[in-house]
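S.K.: Need a 3D model of the following:
(2 chains)
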Amino acid sequence: MKGRIFDIQRFSTHDGEGIRTTIFLKGCPLSCVWCQNPEGILFRKRPIYFENRCIHCQTCVKRSHAGGVKIQDGSITLDIDAKENWNDLIDWCPAGALEMDSKEYEVEEVMQEVRKDMVFYKHGGGVTLSGGEALFQWEFALEILKQCKKEGIHTALETSLYTKQEVLKKVLPYLDAVFADFKAADDKKHKKYTDVSNRKIKKNLKYLLQSEKKENVTIRTPMIPGMTAFKENVLEISRYISGIYPEVSYEILNYNPLAESKYHLIDQEFCFKENPKLYSKEQMQEFKNWALEGGVKHVIIES
Amino acid sequence: MKGLFQTDRITYLKDKMLSEPRYASIEQALIITDTYKENEDKPRIIQRALALKAALEKITISVEPEELIVGNRTAGVRYGVVFPESGSTWVDKEFETLPTRAQDTFNVHQEDIETFRKVIKPYWQGKSLEDVLSQRYGKEIDEIAKVVKINQKDHAQGHICPNCVEWLELGPAGLQEEAAYKLTTCEENQKDFYESVILVMQGARNFMVRYHNLLMSMAEEETDTDKRVSMLQAAKNCKNLSRRPAETFHEAVQSIWFLFVILQMESNASSFSPGRLDRHLIPYYEKDIANGTLTKQDALEIIECLWLKFNEIVYMRNSHGAKYFAGFPIGFNIAIGGQDEHGNDYSNDLSFLFLEAQKHLGLPQPNLSVRLHEGTGEELLKEAVRTVAKGSGMPQFFNDKAVIPSMVELGIEEKDALDYAIVGCVELTTQGNNLGWSDSAMFNLNKALEVTLTGGKCLLTGETIAPDYGNLETYETFEDLENAFRKQIDYFMDKMLLACEEVEKVHIDLLPSPFLSATIDNCMEQGVDVTAGGAKYNLSGIQMIQVANLADSLAAIKQMVYDEKKIERKTMLDALKSNFEGYEIIRTMLLNKVPKYGNDVDWVDAMGTKWAEYFKNRLRTFTNYRGGPYHTGMYTVSAHVPMGENVGATPDGRYAKEPLADGGMSPVYGRDRKGPTAVLKSVSKLDKNLTTNGGLLNMKFIPEFFKNEIGIQKFADFLRSFVDLEIPHIQFNVVRREDLIAAKENPEQYRGLTVRVAGYTAYFTELADELQNEIIARTSYGDI
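M.R.: Model (predicted):
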């Protein structure tokens, strides 16, 4: 079975215990305006142009026969809908400035990458599936998870939980840890910022936090200035999740200002004109206090 | 360790040391010269012994009132010592520029320059090690210099771990007695050796007595009671040590320091190292703790005094040498932890106190090393990581799982291999019984590849420097190229070995070292000086420079020229000849379209390991002049910069004269794109037997990675995998880029900032401009 992956990152240290390999599966039903991996939202595969790598040799322009690459006022622009032999252009670009944003992998090919760091998983690490939404290609994700468990590799999943509950039921037995997002408690806001309602997500949260694996679940909210990082939101999320499972682990993620740089690569605009800064330790502590007030006992913030 | 602190005494002494100006000193050179003049008719070993004895008895000494551990080879701290026996031609050439040169500056007294030229230089002209070697074999050495750099041409042998335990248990009095006893029964040809040992041990004892006397007279004047008490204690220690072995912890530490001061006075050589000092000192520590005369805090203060002392001796190299070994490293390497003689995990209170001292002081010396193995205790490992996180670049880590079996494979007895230590930066040694000659030569594999591609011509000058076994245009297949490369390696290796023998002979003739010999096993038993092969082990280490660039270059040629045929053979050669001028697209392809070493790509990594293996296997078939094996190492210290200056454009897309990869096993900086685990995996494909002389893997992390215990734990896990992968060495730079840029702009505000330059830690602000830039440019990992 094949799946579409936009990155495999070794030495991931943020998504689960130990040293991990994170597999980013392409495609996501949500479109969060702050998305850290905007190239992972669309399932469609497309070429990307990295201007900072380009040496302006125009090899691509010369080899292009269907108008996929044009030069306008000295800068390269792509027409990704053009019937172009993209592989040829990519192959001959000396700088690696043209690349496909993703690649098809067989499960076994993924496993070959995964196995490269076996020696590191041994001391407490493993594989994390992320995205996009890792469960958007759930059959593929399931096969990877099954194979990992067969080989004794610790598994984790990062998910928006925007998926059918049957899917969740299918993958859960093969998971050692789940990191599930709950971004906005107010459904109107959720729709506004992520494009989807949070009803399905809340239903899945409930299922997850009542399942056998509830101890291995961490609920996460990214702190996006003006969108999720306000008291009512944190308070309400905290009340909801601790109401289902009082021992729930809840992680408050700091805002990530580095996402902005990715947007221009895929010709999109970032949600902030002026990129906000990371929250300070004191601000993070305040967010934590809100969560405690909302009834969560185990609140995680980066210290 | 909780509750322990750095005392005011230490803070004061540290600030004082760092703020004192460094000078070049000719005082000992004058004493040596006088002694030789008075003893022209004596055998060389007696002359050497008399010269050392005279220095020990005459050199100006001084003591800081606050010091608990005393002694130095010059009156001022961090002085550069002119040493005429080994060579001072360079001093003559460079004396005036010492204060202004790019790297490792020293102040100069104008009158010293005159005295040097009037008295010292004329006497030693044609007689020093440097001059004699140059007369005997200089031409041959120069002819191969672009490919092979022959070392040890102008200084005595260092990189040695003396038998500290025996020194502690016998002291100079005991060793003198032993030599005197041997003298009564020995053969005629051994007499000079034992007599010279007696002379230097007398000198050593007198040296200690002089410190006693100085301290006593200072104490008489001292009005502050605390200071007087500590002076009297230090005085008493010195007096006791002049007569008998150490008994207390304080005495033992003082005794160790005297040992290293005197070794430096005899040889002025880089890197005499204490080895496993936590093991050497533990009996004294435990005894004093048990009888209530010492607390942990007392012990820590004494250790920190010793740590400061290790920073007071620096090694003055010529401007060329200073470029290769920037920051005057002298390599007092101390190894803690590791396996004991039964293979069990070993650590004690002192292992932790040493780490604590490093956390407090953050100075470049001692070069602190932690030996790791599968059974390393979690606490020691984490405490070591926490020390790394402080940012001084120390400790570095060595891997018993790689080192011990590879030493055994080389022919070292298992009990000695289990007890291995490190000398200098990363050079591996057995303790107290080994003349490792670890820096015999550096073999530039990339220059050898250059002459393979050009048919024997230097790309930088166009002159013929090697045989013509064909060139890139004539090699129809990649195998043809490889065959020619093999021939070039053989050609230069043979020439190198002849040169190494000549160097050894000159050392035997001119620089016998009786004091050192007395502290190396088997020399005293046999009555044979260590330079003449008296030690139990007699190794010679050759460094392979640099496998990372070699792998990248060969991979680029194989893929682009022979497999994919995207670049014509002639075009490739022309591109190299013109340093890629007019070939920008080709250079960009070479850089970007071929995978590089350090990314866990098997076929590329194999390009490097194949040739490293070939080199090692051939080298191992030879025996050095002392009868021991040649073996290989993969470390450059900072030599990747000057070594790179000597290599033209390379097929990996590197411009002419740019630095080679740093470290020795590290990837070319900026080319490791798959993260630290991929780097470790690539490096692990280099067999451990390639680095019996030492390997060096340098990685840089930003401090955010260590900011909490979760990060510390992950880093500890990372190091456990490093052990499993049987990589011999790893070290970390933990600094922020911004710190370094700021330090460059405002050096005075960052005087204490240390960074690891390859194998050792140096003061960042004291490094040359280009080296600073290079450190800033190195890859940085972190949690972005």
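
S.K.: Which helix in chain B has the most residues?
M.R.: helix B:478-510 (DSSP state H).

S.K.: and the helix or strand that comes right after that helix, how far from the chain's centre?
M.R.: Next helix or strand after helix B:478-510 toward the C-terminus (DSSP states H and E): helix B:514-518. How far helix B:514-518 lies from its chain's middle: 20 Å, per C-alpha atoms, centre = their mean, to the nearest Å.

S.K.: cool, stretch B:378-390 as well?
M.R.: The answer for stretch B:378-390 is 23 Å, by C-alpha atoms, centre = their mean.

S.K.: Which parts of it count as buried, going by neighbours?
M.R.: B:380-390 (16 or more other C-beta atoms under 10 Å in any protein chain shown). To be clear about C-beta, it is placed using only N, CA and C from the backbone, and glycine gets the same treatment.

S.K.: Let me know the closest of these to residue B:585.
M.R.: Nearest to residue B:585, judged by C-beta to C-beta, of the buried residues of stretch B:378-390 is residue B:388 at 42.4 Å.

S.K.: where's the closest one relative to residue B:625, distance?
M.R.: Residue B:388 sits 40 Å away from residue B:625, going by C-beta to C-beta, to the nearest Å.

S.K.: now do residue B:259
M.R.: 28 Å.

S.K.: Same check on residue B:525?
M.R.: Distance from residue B:525 to residue B:625, by C-beta to C-beta: 21 Å.

S.K.: ok, now residue B:295?
M.R.: 51 Å.

S.K.: A strand includes residue B:315, no?
M.R.: No - using DSSP: H, G, I helix; E, B strand; the rest coil, the assignment for residue B:315 is coil, not a strand.

S.K.: Which residues lie in contact with the closest residue to it other than its chain neighbours in this structure?
M.R.: Excluding the flanking residues, the one nearest residue B:315 by C-beta to C-beta, 6 or more residues apart in numbering or on different chains is residue B:330, at 4.5 Å. Applying C-beta atoms under 8 Å, 6 or more residues apart in numbering or on different chains to residue B:330 gives the contacts B:264, B:270-271, B:313-315, B:365.

S.K.: switch to 7 Å and redo it
M.R.: Going by C-beta atoms under 7 Å, 6 or more residues apart in numbering or on different chains, residue B:330 touches B:270-271, B:313-315.

S.K.: Let's have the residues you listed in a markdown table, adding pLDDT and distance to residue A:153.
M.R.: Shown next, in a markdown table, are the contacts of residue B:330 (pLDDT from 0 to 100; distance: C-beta to C-beta, whole Å):
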| residue | pLDDT | distance to residue A:153 |
| --- | --- | --- |
| B:270 | 85 | 47 |
| B:271 | 90 | 44 |
| B:313 | 93 | 51 |
| B:314 | 89 | 51 |
| B:315 | 87 | 50 |
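
S.K.: And the furthest pair within those residues?
M.R.: Across these (C-beta to C-beta), the longest gap, 11.9 Å, separates B:271 and B:314.

S.K.: quick one, which of these two is more surrounded?
M.R.: Using other C-beta atoms under 10 Å in any protein chain shown, the more surrounded residue of residue B:271 and residue B:314 is residue B:271, with 25 against 20.

S.K.: Test my guess that the more buried one contacts residue B:423.
M.R.: Yes - using C-beta atoms under 7 Å, residue B:271 is in contact with residue B:423, at 5.3 Å.

S.K.: if I look at those two, which residues touch both of them?
M.R.: Common neighbours of residue B:271 and residue B:423, using C-beta under 7 Å, 6+ apart, are B:159, B:331.

S.K.: of residue B:295 and residue B:625, who's got more company?
M.R.: residue B:625 (19 against 12).

S.K.: Let me know the secondary structure of the more buried one.
M.R.: Relying on three-state DSSP, one would call residue B:625 coil.

S.K.: again with residue B:566
M.R.: Classified using three-state DSSP, residue B:566 is coil.

S.K.: Near the closest residue to it other than its chain neighbours, how many other residues are there?
M.R.: Using C-beta to C-beta, 6+ apart and skipping the chain neighbours, the partner closest in space to residue B:566 is residue B:560 (5.2 Å). Counted with other C-beta under 10 Å, the neighbours of residue B:560 add up to 21.

S.K.: Next: residue B:288.
M.R.: By the criterion of other C-beta under 10 Å, residue B:288 has 20 neighbours.
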